[in-house]
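Participant: Quick one: sequence plus predicted model below, questions after.
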Amino acid sequence: MSKNIIPVYNPSEIEPKWQKRWEKDGLYHSDIDETKPKHYALTMLPYPSGDLHIGHWYAMTPSDARARFMRMRGYNVLFPMGFDAFGLPAENAAIKHNIHPKVWTYRNIERMRQQLRSMGAMFDWRREAISSDPEYYRWTQWFFIKLFKHDLAYRKKSPVDWCPTCNTTLAREQVWGEDRHCERCGTPVIKRDLEQWFFRTTRYAEELLCYETIDWPERVRVSQTNWIGRSEGATVFFHTEHGDELEIFTTRPDTLWGATFMVLAPEHPLVSKLTTPEQRKAVEAYIEQAVRQTDVQREATDKEKTGVFTGGYAINPVNDERIPVWIADYVLMTYGTGAIMAVPAHDQRDFEFARKFGLEVRPVIQPVDMPELRGDEMTKAVPEYGMMINSGSLTGTPGNQAFEKTIEFLESKKIGHRSVNYRLRDWLISRQRYWGAPIPIVYCQQCGAVPVPEEQLPVLLPDDVEWRPTGESPLKLHPTWRFTTCPQCNGPAERETDTMDTFMCSSWYHLRYLSPKYDRGPFDPREYDYWMPVDTYTGGIEHANMHLIYTRFFHKACRDMGITKGPEPMLQLRNQGIVLGEDSEKMSKSRGNVVSPDDLVQAYGADTVRAYLMFFARWELGGPWNSSGIEGTSRWLRRVWTIFLEEPEVQGKATSDVLRNLRRKVHQTLRSVTRDFEKFEFNTIVSALMELLNEVSKAKQAGAWGTTEWNEATDIYLRMLAPVAPHISEEIWHQLGKPYSIHTQSWPEFDAEAAREEEVVLVVQVNGKLRDRITVPANISEEDAKKIALASENVRRFMEDKQPRQVIVVPKKLVNIVL
RNA sequence: GCCGAAGUGGCGGAACAGGCAGACGCGCACGACUCAAAAUCGUGUACCCUCCGGGUAUGUGGGUUCGAUUCCCACCUUCGGCACCA
């Protein structure tokens, strides 16, 4: 029975109340403050699809909690939010519902702003940036021109991946899976030969492999390293019989003497010249079918090798041998030089090809532990290193020197050199779609591709377009937009009608947040100097090889152009996992397993949803949703409410032991919660707070209410709760008459003395098996611990009068008696 | 095939530095309150046995160690990524 009647915990009343108050007071405004250390906490910005998904909550609320924690620890924290608002879904919705992409997008943004506000996150909305605003994409275009002027953007005709459903080209990173499907819609892509704009990401391949200055998860670093795909080897110059240079890349220069033929990609420019009249028909037929095939068919690894002899020959520069030149689709035009030397004895692919077409297999490497290799008897290639044989002057070179010696040989003869190749390609940024930032280039018959002068930016996206997809850029179909005059010669000219990949917009949004209204540059340099780099970046792992490579490239390119500073844009990265449906499947409307955060907020309140999202799984792993589990966090917050607000009948009667134990538990929890916030271990933060509440509740029953210890416990508890559940903590804080706002309070001070244990439970083992537990003073000596353990009746029973061979004492933990 | 992550009660998960396996929560069972139910509060809850007291358990099999969920080796399963990259 309580003395006072308190109102029930009603989140739907207190949450909007405090959200309005915080907004009105500008509680979460972050401004430059040189007196405090800064902390730029960034969470990946959402695409305005129309509804905030539980996945957004899962990504954002723990990030918010941690940003709040950092703020309480004395940092001046910037935690902004915005929208990645250009992109295909807007156009698809436009087509489906006959609504303008712009109207659709901005309507969604408005709705999502409301949903985001319901989280009670500490977003500084003054810094909101929307990538489809002209004042934003003006600077996206400005960056494009900078890259263009520094030779980091170029236009090239090349076979590119085309999604027939989305009617646009895709960057390589946007083509996924074994069947090479479109990242967005799942349609297998096809190849088209198109003039497209690229950024020279490959120029930064080497630097992108260095992660020394950043604290990023291993799995992201490994994934990027694999994506970049560095290979060390040699470039070697072969020649055709006609004297044309035929450059190849190999990772095994030591096998050069075993090259018995060469293979070119069907698209290789020298194919036509090499082909003899007798072979022309067969070669052309092969090329035609290769082009017709999808990449899926062509690049299937289990497919039998196919190819055609060109009739032409090349000269191997190491031994002047004349070897036949073939074409085959297992050689890709997009890697290396599109041509290889084939060494069937030591490369499995070349081996399969040679066997199928009856070409010579000549071993030139003899591993020590293998019987002598004979080309006509081998059943598979031998890729291991070994002693060089049949290799002219290098014959006899041992395996561990073969690579280096051959490179020295090539360089001294000037027929090749050491080189490094990357799997990474240049970033294709052209999109044949409407709803994106127009590429600010004008084509003039006299002057060629001319960048739009900076003072004329932005190149505005017209509203009156036909956005029905035709395979052409919608802007091309606009009656007037594309026609303009050349900024250089004033002659008639046409605008580029492709728009930019939206990953371009999201490569620099963290900079626009700094000063979204700034109009003298993409960002205010004062803000940049104070806030950058981003200290903590949180978001989905799916961006490991896309956004997170692009944004690093972008930063490094800008650094070299004098726009940004430092080696990296984001110092610390942490990824959350994915929340699956209750059926353990990916959430989707068609499966009917979508969890709506709005419904949950209505039923339980934002604080409960936040706490449950932190509690229910390890953040970096995610997992299936469990709708009954949320009852636990809901119950917990209701108990927090009554335990701290409801005055009990029993007061001030607690024994000193009870109070000492309460203090100890409070400070032990403070230690673990602090540590877990630092380590992004949100689930144990919530469980530690639940555990402490159980202790607090017992102390209350034992009469602790009203004591100094009780007041300290309340104060520390609410401060620790504040980042997790910002509304209820503010409300209780307020009702207890403490000064507004709890969110501007500092993080509690840890008292090591209070947290200290005076007694510990000593575990006693005999031969490693638990036989007794004895409570002893924490500062017991090893000798005494040993004595007490040996005196235990239970222990004596299992010792069977034997003498211990060894007694291991782990201070404050255990005694193990080994017989 | 290659690379990465993960396998712990009925379920989500915890275990900081090699030292009590299963914290915290869900679920379930029983009890209190109630005319009753909900809510709330309390107690219990890995499995097996001969239930006093033992034994067995962290995907599987080995190893190191007084002692292994934790370290090492081999393997299995699930998930994610890459895939003829010369």
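Facilitator: Looks like it came in fine. Residues are numbered from 1 along each chain as shown, chains lettered A, B, ... in the order given.
Participant: Just give the number of residues close to the nearest residue to A:Pro134 once chain neighbours are set aside.
Facilitator: Spatial nearest neighbour of A:Pro134, excluding adjacent residues (CB to CB, 6 or more residues apart in numbering): A:Pro458 at 4.9 Å. Quick note: C-beta positions are derived from backbone N, CA and C, even for glycine. Residues near A:Pro458, counting by other CB atoms under 10 Å, number 19.
Participant: looking at it, A:Pro458 is touching A:Gln141, isn't it?
Facilitator: Yes - taking CB atoms under 8 Å as the definition, A:Pro458 is a contact partner of A:Gln141 at 5.7 Å.
Participant: Ramachandran angles for A:Arg574?
Facilitator: phi -140, psi 140 (degrees, to the nearest 10).
Participant: my bad, should have said A:Gly448
Facilitator: Given degrees, to the nearest 10, the pair of backbone angles that A:Gly448 has is phi 80, psi -150.
Participant: Who are the contact partners of the residue of the stretch 101-250 of chain A at minimum distance from RNA strand B?
Facilitator: Closest contact between the stretch 101-250 of chain A and RNA strand B, by CB to the nearest atom of the strand, is at A:Ser231 (3.1 Å). Neighbouring residues of A:Ser231 by CB atoms under 8 Å, 6 or more residues apart in numbering: A:Thr251, A:Val420, A:Asn421, A:Tyr422, A:Arg423.
Participant: same check, this time on A:Ala94
Facilitator: A:His100, A:Pro101, A:Trp104, A:Trp435, A:Trp467 are the contacts of A:Ala94 under CB under 8 Å, 6+ apart.
Participant: Quick check: next helix or strand after the helix or strand where it lies?
Facilitator: Assigned by DSSP states H and E, A:Ala94 falls within helix A:88-97. Where DSSP H and E defines the elements, the next helix or strand beyond helix A:88-97 is helix A:101-117.
Participant: Output the contacting helices and strands for that next one.
Facilitator: helix A:88-97 (3 or more CB pairs under 8 Å, 6 or more residues apart in numbering; DSSP states H and E).
Participant: What is the neighbour count of the closest residue to A:Arg349 other than its chain neighbours?
Facilitator: Excluding the flanking residues, the one nearest A:Arg349 by CB to CB, 6+ apart is A:Tyr330, at 5.8 Å. A:Tyr330 has 18 neighbouring residues, counting by other CB under 10 Å.
Participant: re the thing from before, the contacts of A:Ser231, buried ones only, as a PyMOL selection?
Facilitator: Buried members of the contacts of A:Ser231, defined by 16 or more other CB atoms under 10 Å, are picked up in PyMOL with:
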select buried, chain A and resi 421+422+423
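Participant: Report the entries of the contacts of A:Ser231 that also contact RNA strand B.
Facilitator: A:Thr251, A:Asn421, A:Arg423 (CB under 7 Å from any atom of the strand).
Participant: Output these as CSV; include the columns secondary structure and pLDDT.
Facilitator: Compiled in CSV, the ones next to RNA strand B among the contacts of A:Ser231 are given as follows (DSSP: H, G, I helix; E, B strand; the rest coil; pLDDT from 0 to 100):
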residue, secondary structure, pLDDT
A:Thr251, coil, 94
A:Asn421, strand, 93
A:Arg423, coil, 92
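Participant: if we can go back for a sec, quick check: buried residues in the helix holding A:Ala94?
Facilitator: Going by neighbour count (16+ other CB under 10 Å), the buried part of helix A:88-97 is A:Leu88, A:Pro89, A:Ala90, A:Glu91, A:Asn92, A:Ala93, A:Ala94.
Participant: before we move on, back to that, what is the most widely separated pair among the contacts of A:Ala94?
Facilitator: The distance between the two most remote of these (CB to CB) is 10.8 Å, for A:Trp104 and A:Trp467.
Participant: circling back to that earlier point, which residues do A:Pro458 and A:Gln141 both contact?
Facilitator: With CB under 8 Å, 6+ apart as the test, A:Pro458 and A:Gln141 both reach A:Ala437, A:Pro440.
Participant: Could you report the distance from the closest residue to RNA strand B within the stretch 351-500 of chain A to A:Thr201?
Facilitator: Nearest to RNA strand B in the stretch 351-500 of chain A, going by CB to the nearest atom of the strand, is A:Arg423, at a distance of 4.0 Å. From A:Arg423 over to A:Thr201 the distance is 12 Å, taken as CB to CB, to the nearest Å.
Participant: what number of residues lie near the closest residue to RNA strand B within chain A?
Facilitator: Closest to RNA strand B within chain A is A:Gly632: 2.3 Å, counting by CB to the nearest atom of the strand. Other residues near A:Gly632 number 16, with proximity taken as other CB under 10 Å.
Participant: repeat for the one 5 residues further on
Facilitator: Neighbouring residues of A:Leu637 were enumerated by other CB under 10 Å; the total is 24.
Participant: Name the SS class of it, please.
Facilitator: Three-state assignment for A:Leu637 (DSSP: H, G, I helix; E, B strand; the rest coil): helix.
Participant: what's the first-to-last distance across stretch A:558-573?
Facilitator: 21 Å (CA to CA, to the nearest Å).
Participant: Ok, stretch A:256-272 next?
Facilitator: First-to-last residue span, stretch A:256-272, CA to CA: 25 Å.
Participant: Next: stretch A:243-259.
Facilitator: Termini of stretch A:243-259 sit 19 Å apart (CA to CA).
Participant: now stretch A:699-709
Facilitator: 10 Å.
Participant: any idea of the mean pLDDT in it?
Facilitator: When pLDDT is averaged over stretch A:699-709, the result is 92.
Participant: same thing with stretch A:276-283?
Facilitator: 95.
Participant: do the same with stretch A:91-99
Facilitator: The model assigns stretch A:91-99 a mean pLDDT of 87.
Participant: Output that stretch in CSV, but only the C-alpha positions, please.
Facilitator: Extracted in CSV, the C-alpha atoms of stretch A:91-99 (Å, rounded to 0.1, in the frame of the first residue of the first chain):
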residue,chain,number,x,y,z
GLU,A,91,10.0,7.4,-60.5
ASN,A,92,8.5,3.9,-60.2
ALA,A,93,5.9,5.3,-57.8
ALA,A,94,5.2,8.1,-60.2
ILE,A,95,4.6,5.7,-63.0
LYS,A,96,2.4,3.5,-60.9
HIS,A,97,0.3,6.1,-59.2
ASN,A,98,0.6,8.9,-61.7
ILE,A,99,2.1,11.3,-59.2
